[in-house]
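Trainee: Quick one, fold the following:
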Amino acid sequence: MSLLTIRDAATGAETLKTDDPAQIAAALAPIGVRFERWPVADLPAGAEPEAVLAAYRPHLDAFLKETAAGTADVIRLTADHPQKDAIRAKFLSEHIHTEDEVRFFHEGAGNFVMHVDGKIYDAHCTRGDLISVPANTKHWFDAGAVPHVTALRVFTDTTGWTPHYTGSDIAARIPVTVEAA
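Mentor: Numbering: from 1, shown residues only. Alright, predicted model coming up:
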């Protein structure tokens with residue numbers, strides 16, 4: 001289940017918690033974050049990346065045309081990945097990217113946590129969720145200690161995905177609950 005929790009960054013007090021996709025989209029829109037639900041393709045678990053891309057091609061092509069993004073690929077992170085801990089650690093610190101970070105969750109879940117204007121927007125994304133975090137938005141991502149994610153990544157230039165760390169310890173101070181997908 002998709003879930004958005006908004007907290008005050010200073011106190012941690014919750015100001016909103018909702019699992020309604022329309023409310024999630026409406027709450028994220030003012031900070032430039034796009035959130036929407038796409039129909040989920042009926043593919044076998046662990047389908048090959050080419051099959052995942054092909055299954056979402058109509059939605060993906062429309063998105064690429066609308067946003068002028070260049071291409072997409074598929075990333076998979078599971079509990080048996082030999083570098084799962086290192087990959088997770090890389091994105092647990094607050095950082096920015098120089099281009100939008102777009103993910104569509106085909107399998108599994110993860111939390112995109114944005115730090116904007118003194119608020120923390122914790123978007124727990126699950127199967128069928130598309131999220132687009134604007135360039136230069138302070139954020140971090142957590143797929144959990146036991147990750148299970150297959151996602152489409154959309155990009156114009158992959159160098160825009162290089163994380164630029166802010167040096168803040170806020171990600172360590174703000175609790176994020178990564179729920180099972």
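
Trainee: Can you spell out which helices and strands pack onto the helix of greatest length in the chain?
Mentor: Assignment by DSSP state H gives helix 57-67 as the longest helix of the chain. Applying 3 or more CB pairs under 8 Å, 6 or more residues apart in numbering; DSSP states H and E, one finds that helix 57-67 contacts strand 71-78, strand 101-116, strand 148-155. Where you see a C-beta, it was placed from the backbone N, CA and C, and this is true even at glycine.

Trainee: mind checking which of the ones you listed is nearest His164?
Mentor: The closest of those to His164 is strand 101-116. By CB to CB, the value is 12.0 Å.

Trainee: what's downstream of the closest one, the next helix or strand?
Mentor: Following strand 101-116 in sequence order, the next helix or strand is strand 119-126 (DSSP states H and E).

Trainee: Give me the buried positions along that next one.
Mentor: For strand 119-126, a neighbour-count test (16 or more other CB atoms under 10 Å) marks 120-126 as buried.

Trainee: Tell me which helix or strand the residue in the chain sticking out farthest from the centre sits in.
Mentor: Here the centre of the chain is the reference, and by CA atoms, centre = their mean the most remote residue is Thr11, at 24.2 Å. Assigned by DSSP H and E, Thr11 belongs to no helix or strand.

Trainee: Confirm that Ile87 sits in a helix.
Mentor: Yes - applying DSSP: H, G, I helix; E, B strand; the rest coil, one finds Ile87 inside a helix.
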